[in-house]
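Chemist: After the sequence you'll find the predicted model.
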Amino acid sequence: MLRPCYNSSCIEAGVDEAGRGCLAGPVVAAAVILPPGYENEWLNDSKQLSKEDRNQLRTEIENIAVAFAVGQASHEEIDKINILQASFLAMHRAIEQLSTRPDHLLIDGNRFSPYPLIPHTCIVKGDAKFMNIAAASILAKTYRDEIMEILSQEYPQYKWEANAGYPTIFHRKAIQEHGFTPYHRMTFRVKV
């Protein structure tokens with residue numbers, strides 16, 4: 001089972017994002033504060049879970065969390081400031097929406113743009129080590145998948161409901177055949 005948090009002596013929010021490697025759509029981040037003593041042996045990195053398991057865990061996380069919030073940065077913002085900075089922006093937007101202010105942020109990854117007046121710790125592969133980051137990864141992934149499912153209704157030929165905008169062979173071929181949509185990130189190189 002994953003560790004509940006990094007610093008149990010304070011209110012800590014786990015923070016993660018989804019969609020950095022996509023060719024289309026926003027990058028979405030979530031911040032989650034789990035209740036003290038919370039345990040769930042099924043909670044894990046969202047990439048290790050089935051869609052059904054992610055959706056079930058999302059419901060539980062939203063019901064039991066002390067606080068949770070989701071933020072995003074649009075494909076236009078990604079093109080303007082780059083994907084790394086847009087990821088930080090989405091994380092900041094999630095953090096600022098939390099109904100409970102955390103004392104510490106536990107960030108998935110090796111870099112972060114400091115959030116004002118809240119110390120942070122970066123953990124590489126943190127979503128597979130800490131429950132609060134895993135919870136954030138599940139919310140970020142499920143919220144982003146929903147966005148891409150909605151956008152896929154407008155542009156069904158790209159099958160975003162299946163590939164979520166990631167550079168699958170099918171998605172790259174669809175770009176070659178149909179061109180780019182208004183939701184594609186124009187600063188990303190697409191090999192077809």
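Modeler: Received it, and whenever you're ready, just let me know what you need.
Chemist: Next, count neighbours for Tyr183.
Modeler: When neighbours are defined as other CB atoms under 10 Å, Tyr183 has 22 of them. (C-beta placed from N, C-alpha, C; glycine too.)
Chemist: Output the longest helix belonging to this structure.
Modeler: Determined from DSSP state H, the single longest helix within the chain is helix 131-154.
Chemist: What are the boundaries of the strands in the chain?
Modeler: 12-18, 27-33, 67-73, 104-108, 120-123 (DSSP state E).
Chemist: Mind putting those into CSV with distance to Tyr166?
Modeler: Listed next are the strands of the chain as CSV, based on distance: least, CB to CB, whole Å:
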stretch, distance to Tyr166
strand 12-18, 10
strand 27-33, 12
strand 67-73, 17
strand 104-108, 18
strand 120-123, 24
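Chemist: In TSV: these, plus distance to Asn163 and mean neighbour count.
Modeler: Below are the strands of the chain laid out as TSV (distance: least, CB to CB, whole Å; neighbours: other CB atoms under 10 Å):
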stretch	distance to Asn163	mean neighbour count
strand 12-18	13	30
strand 27-33	16	31
strand 67-73	19	22
strand 104-108	22	23
strand 120-123	28	16
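Chemist: so which of these gets nearest Ser137?
Modeler: With CB to CB as the criterion, Ser137 lies closest to strand 12-18 of the strands of the chain, at 4.1 Å.
Chemist: Pairing partners for the closest one, with directions?
Modeler: Sheet pairing here is set by DSSP bridges, and for strand 12-18 it gives strand 27-33 (antiparallel), strand 104-108 (parallel).
Chemist: Could you export the first one as PDB, CA atoms only?
Modeler: What follows is the C-alpha trace of strand 27-33 in PDB, where atoms were taken according to Å, rounded to 0.1, in the frame of the first residue of the first chain:
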ATOM      1  CA  VAL A  27      -3.400  20.000 -19.400                       C
ATOM      2  CA  VAL A  28      -5.400  19.300 -16.200                       C
ATOM      3  CA  ALA A  29      -4.100  19.200 -12.600                       C
ATOM      4  CA  ALA A  30      -5.700  18.200  -9.300                       C
ATOM      5  CA  ALA A  31      -4.800  18.900  -5.700                       C
ATOM      6  CA  VAL A  32      -6.200  16.600  -2.900                       C
ATOM      7  CA  ILE A  33      -6.100  16.700   0.900                       C
END
